[in-house]
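# Curious how this folds, go ahead:
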Amino acid sequence: MFTVDELLDNHYPSLQRRPLIGPAARMALRHLLHEKDFVDFAKTHPHLRSFEFIEEVLSYFNFSYTVKHQQRENIPPTGRLVMISNHPLGSLDALALLHLVGEIRRDVRIVANQMLMQLNPLHDLLLPVDNMRGNTPEGQLNAIEQHLDSDGAVIIFPAGEVSRLGPRGVADGRWHTGFLRMAQNTHSPVLPIHADARNSALFYGTATLSSTAATALLVREMFKQTGRQIRFTVGERIPFHAYADMPLSLREKTLLFKRHLYRVGRDKSGVFATECGIALPEPKSDLKRELEACEQIGETADGKAIYLYQHHGPSTIMREIGRLREVAFRAVGEGSGKRRDIDRYDQYYRHLVLWDRDELEIVGAYRLMPTQEAVEQHGLSGLYSASLFHFDEQMQPYLEQGLELGRSFVQPRYWGKRSLDYLWYGIGAYLSRHPDIRYLFGPVSITQNMPEMGKDLLVYFYQLYFAPESKSPARHRQPFQVPESSRLELEALFDGQDYAADFKRLKAVMSNMGTAVPTLYKQYTELCQPGGVSFLDFGIDPEFADCIDGLVLVDSHAIKPKKYKRYIGSHSDS
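Next up, the predicted model:
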């Protein structure tokens, strides 16, 4: 905790040179700032740090907060995030907000001025900015952006000071643009959280006469909040593209964010386009119990389990799969826009689940369905792919011996860790148990976030090298057409005679655009010998953030021997 001597020495050293004022100021401030109460609290709880310290402070003041249960889901448990809030109280509102967010994610940090840094037990949660002297060193700003770049969460009060009483009631003063600059630099979504509380009439009256005097009263105001409550309204997340693409200055956008926040506080629609919050994680113990009751069809070299799950009534597994789908798909600019990505097909499709036993986490999943069974039980409309593509009679042989694959995901924390390869190992285990299945097919997406020229490149390239040899048995219901202007450029770029050379050229051009060939496109086409893979058609999926779907068809009889042995044959040998 802080003492008045430390506060004055660190922030107002000039008082040391004014002996007549210094001692008097120190005595007055000791009373005004409740120094004895702080010192006693510190002596009673010397061991408390971080969130435990916050809990004890809120308990000491009998200060609580309310928030609607479903609004908690608007706080994503992972991923970079800039949270903005008005600042009605000055201290307890900040601690209560930290507590609220900390219940969902422990990587939250709050941007605080140097005076708050005097609270040593909170150091781990604070990112300092030197508001009191009107300048913020570049190193402090870099620390905030580094936390965001590492997918952390940051709380910022854009006003930089406590709300004041004005003609329209208690509200923040002018907002600084710093929060927006940091959000844009790190491509972070912004989450507005409105706080409904107020200080005393004495504080607001003093503030009209002297901002400095009002600031000195804030500790007394904190003690006046004993036994009171603050109400938080957590708005929906504002994605990066919703504000970054606007042709406005930082100042103009900042004004819109402020208006958006106060509209959220009045339960009105905001200014920016938003995303529905994603559901909170399911209890790990429930997931473990339900998964261990499923059939285990494989195990990875590093000890992860591969389960085959089929939905039966209320299910923690299905809710968590739906949640993680939405997390993973939104991370690449896709997603259903719902709390969980679950549809009617999930009720009877199988689900291949990769389970991390150590972390008790679903790493990823693949949805699959024997197509003949689906058609027999539910008709052709029982296939998810049939909702996107029209099948003609030439599709019948593939349906009779087919397995539809789709909705595959790996949650972001496991990206780059062979997780997708492990899921393919699980598909191989399933195929080894069902030798009657020959064909694998399903929609493979291209994110809407892909540059337009990147979409044209991918569709043109995969149609050039992997179009069916004869008339396609499937047509997308909303076909994607490469514009004629792009087609002429692409014809000059790819000669269509040398796949390896053209693919190398494709990767180089996409790299120059700051993007890459989607992993599944590479995975499917590298799986088989020539002629074993085809893309039947491409189209736009309006129900899935307008991504582009390519319908891939794989003949398992054409899988390369080495890959066949790895994914399928290894299970037959065991």
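# can we go C-alpha only for contacts and neighbour counts from here?
Noted.
# May I have the phi/psi pair for the residue nearest in space to the middle of the chain?
Residue closest to the average C-alpha location in the chain (C-alpha atoms, centre = their mean): residue 79, at 4.4 Å. Phi and psi for residue 79, reported as degrees, to the nearest 10, are phi 90, psi 150.
# Find the nearest non-adjacent residue to it, please.
Among residues not flanking residue 79 along the chain, residue 151 sits closest, at 4.6 Å (C-alpha to C-alpha, 6 or more residues apart in numbering).
# same question, residue 367
Nearest to residue 367 is residue 351, by C-alpha to C-alpha, 6+ apart, at 4.6 Å.
# For beta bridges, what are the partners of that neighbour?
Taking DSSP bridges as the rule, residue 351 bridges to residue 309, residue 367.
# pretty sure residue 124 is touching residue 51, no?
No - Residue 124 is beyond contact range of residue 51, at 9.5 Å (criterion: C-alpha atoms under 8 Å).
# Output the contacting helices and strands for the strand or helix carrying residue 183.
With secondary structure defined by DSSP states H and E, residue 183 is part of helix 178-185. If you count contacts as 3 or more C-alpha pairs under 8 Å, 6 or more residues apart in numbering; DSSP states H and E, helix 178-185 packs onto strand 81-85, helix 138-149, helix 240-244, helix 250-265.
# mind running it again at 10 Å?
strand 81-85, helix 138-149, strand 153-156, strand 190-196, helix 240-244, helix 250-265 (3 or more C-alpha pairs under 10 Å, 6 or more residues apart in numbering; DSSP states H and E).
# Please identify the buried residues of the strand or helix carrying residue 488?
Per DSSP H and E, residue 488 falls inside helix 484-493. By neighbour count with 16 or more other C-alpha atoms under 10 Å, helix 484-493 contains the buried residues residue 490.
# how about low-confidence regions in this structure?
Across the chain, the ranges flagged by pLDDT under 70 are 1-35, 37-38, 114-118, 130-137, 572-574.
# quick one, domains of it?
Listed by automatic domain parsing, the domain ranges of the chain are 1-44, 49-265, 284-573.
# would you turn these into a markdown table with distance to residue 274?
Listed next are the domains of the chain as a markdown table, based on distance: least, C-alpha to C-alpha, whole Å:
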| stretch | distance to residue 274 |
| --- | --- |
| domain 1-44 | 40 |
| domain 49-265 | 5 |
| domain 284-573 | 10 |
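# So which of these is nearest residue 278?
domain 284-573 (4.2 Å; C-alpha to C-alpha).
# on that earlier part again, the helices and strands packed on helix 178-185: which one's closest to residue 175?
Across the helices and strands packed on helix 178-185, residue 175 has its closest neighbour in helix 250-265 (7.0 Å, C-alpha to C-alpha).
# Does anything pack onto the closest one? Which helices or strands?
If you count contacts as 3+ C-alpha pairs under 10 Å, 6+ apart, helix 250-265 packs onto strand 81-85, helix 178-185, strand 190-196, strand 229-234, helix 240-244.
# Output the helices and strands packed on helix 178-185 in CSV, with distance to residue 294 appended to each entry.
Formatted as CSV, these follow (distance: least, C-alpha to C-alpha, whole Å):
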stretch, distance to residue 294
strand 81-85, 36
helix 138-149, 38
strand 153-156, 36
strand 190-196, 38
helix 240-244, 39
helix 250-265, 44
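# Nearest approach to residue 329 belongs to which of the ones you listed?
helix 240-244 (15.1 Å).
# contacts for that closest one?
Contact with helix 240-244 is made by 81, 180, 183-184, 186-190, 250, 253-254, 256-257, 272-275, 333, 449, as judged by C-alpha atoms under 10 Å, 6 or more residues apart in numbering.
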